[in-house]
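Undergrad: Would you be able to build a 3D model of this:
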Amino acid sequence: MKNFFYYFIKYNIRFTSSCYFRKIQITGLDDIPKQSGIVFSPNHQGAFLDPLIVGSIVPQKVTSLTRSDVFGGKFQWYLDALKMLPIFRIRNGYANLRKNDQIFKKCRKLLSRKESIIMFSEGSHHNEYYLQALSKGSSRLVYEAQIESKIPIYLVPVGINYGSHQRPLCDLHVVFGKPILISDFLNDLRSKAEIINDIREKLASGMKKCIWIPDNDKYYSERKRLINRTNTKMEYKEFKEKLELMNLIKEKKYKNQLILKLIILITYIPNLPPLLILRKILSLFRDKVFYSSIKITAGYILFGLWWIILFVAITVMINWTFALPTLCVSILLLYIRQNLLYLVNK
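TA: Predicted coordinates:
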């Protein structure tokens with residue numbers, strides 16, 4: 001049952017993502033090693049949406065390391081089914097940090113069985129495009145796993161690049177970088193700490209090649225403003241090169257804002273109930289990094305239920321031949337609304 005639930009969520013996330021994002025561009029997927037233990041190390045700009053995206057793209061099942069405070073209680077079965085393991089931090093109490101030893105032991109065993117893990121080396125989520133400082137956790141894990149295992153262990157840098165951290169119908173570029181073979185580091189005569197630092201530096205270099213803006217330099221703010229729907233249509237490599245040179249078009253603000261807002265107001269009407277509920281849910285989160293994660297998961301449920309209720313209600317009150325075009329118009333107006341929102345308040 002858990003296996004069925006895992007794949008049900010995997011393919012639903014894949015479908016929902018294709019609806020939420022205007023275009024998903026995937027680079028380097030064919031370079032992922034086979035018959036090996038793999039730790040995927042993505043950047044962390046999208047809260048719990050990040051592991052869902054990576055897990056839905058790669059062909060194999062993956063185990064995700066997740067903050068420990070979401071574990072336990074009524075949702076434990078679902079977390080187990082989604083192959084999630086808790087990771088403890090200092091804020092969870094010093095005593096709880098020792099529990100990580102058992103978690104990493106389990107991870108090493110998974111890697112020795114040629115399974116895959118998602119671990120966020122940045123440590124915590126954020127809403128900046130540049131790479132944050134990396135912790136040693138993933139580098140230590142793959143090093144110790146390779147020491148214990150005869151099969152090859154790889155650390156794969158991953159870049160998740162959102163055209164917008166909050167709005168739907170943006171472009172998404174997911175880039176899988178060159179896999180780092182950990183056995184290459186084992187013949188080194190340096191200390192364990194030095195080798196782990198070397199792996200971390202290699203990972204940071206690989207991850208920077210996978211994201212649009214690698215560093216927080218003096219041109220960062222200007223480059224960030226060039227990330228818009230006109231420019232992100234490009235292939236990843238071309239966009240990254242032009243962004244580096246700042247040879248891109250700035251998106252223009254639509255002049256007739258009042259008319260545009262009136263049109264957007266009209267498009268609200270057919271989907272008002274789920275939009276209001278979703279807005280209420282979003283208001284509960286101070287951290288805007290969660291917005292896309294909430295929209296893609298809660299929106300999938302809310303709009304799905306609303307459209308079923310709408311279709312059934314109109315079918316009962318009138319007939320299905322009227323309900324079907326009404327449903328299509330409702331979906332179309334939601335799509336139009338999301339596109340028009342990009343022209344307002346840029």
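
Undergrad: Geometric centre of this protein: which residue is closest?
TA: Ranked by distance to the mean C-alpha position of the chain (C-alpha atoms, centre = their mean), the top residue is Asp50 at 2.1 Å.

Undergrad: Is that one in contact with His44, as I believe?
TA: Yes. Asp50 lies in contact with His44 (C-beta atoms under 8 Å); the separation is 5.7 Å. Glycine gets a C-beta too; all of them are placed from N, C-alpha and C.

Undergrad: so what sits against both of the two?
TA: Common contacts of Asp50 and His44 (C-beta atoms under 8 Å, 6 or more residues apart in numbering): 120, 125.

Undergrad: Now the terminal residues of stretch 187-195, how far apart.
TA: Using C-alpha to C-alpha, to the nearest Å, one end of stretch 187-195 lies 10 Å from the other.

Undergrad: Provide the contact partners of that stretch at residue level.
TA: Here stretch 187-195 makes contact (C-beta under 8 Å, 6+ apart) with 143, 185, 198.

Undergrad: if I pick the second one, what's in contact with it?
TA: Contact partners of Phe185, counting by C-beta under 8 Å, 6+ apart, are 143, 146, 195, 198-199.

Undergrad: Check pLDDT for the contacts of stretch 187-195 and point me to the minimum.
TA: Lowest in pLDDT among those is Phe185, which has 91.

Undergrad: Surely Leu65 is within a helix?
TA: No. Under DSSP: H, G, I helix; E, B strand; the rest coil, Leu65 sits outside any helix and is assigned strand.

Undergrad: count of residues packed around it?
TA: 22 (other C-beta atoms under 10 Å).

Undergrad: now the contacts of Phe185 as TSV including distance to Gln102?
TA: Below are the contacts of Phe185 laid out as TSV (distance: C-beta to C-beta, whole Å):
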residue	distance to Gln102
Tyr143	18
Gln146	20
Ile195	24
Asp198	27
Ile199	23
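
Undergrad: neighbour-wise, which of those leads?
TA: Neighbour counts for the contacts of Phe185 peak at Gln146, which has 25 neighbours (criterion: other C-beta under 10 Å).

Undergrad: Next one: that one from Asp184, what distance?
TA: Look at Gln146 and Asp184: by C-beta to C-beta, to the nearest Å, they are 10 Å apart.

Undergrad: what comes up buried for stretch 292-309?
TA: For stretch 292-309, a neighbour-count test (16 or more other C-beta atoms under 10 Å) marks 292-297, 299-300, 302-303, 306-307 as buried.

Undergrad: Next step: the residues you listed restricted to helices.
TA: Secondary structure from DSSP state H places 292-297, 299-300, 302-303, 306-307 of the buried residues of stretch 292-309 in helices.

Undergrad: ok, which stretches of the stretch 1-150 of the chain are helices?
TA: Listed in chain order, the helices of the stretch 1-150 of the chain (DSSP state H, counting those that start in this stretch) span residues 2-20, 49-57, 76-81, 94-97, 99-112, 137-148.

Undergrad: my guess is Val39 meets Arg140, correct?
TA: No. Applying C-beta under 8 Å, one finds Val39 not in contact with Arg140, separated by 10.7 Å.

Undergrad: between those two, who's got more neighbours?
TA: Just comparing Val39 and Arg140: by other C-beta under 10 Å the higher neighbour count belongs to Val39, 28 against 17.
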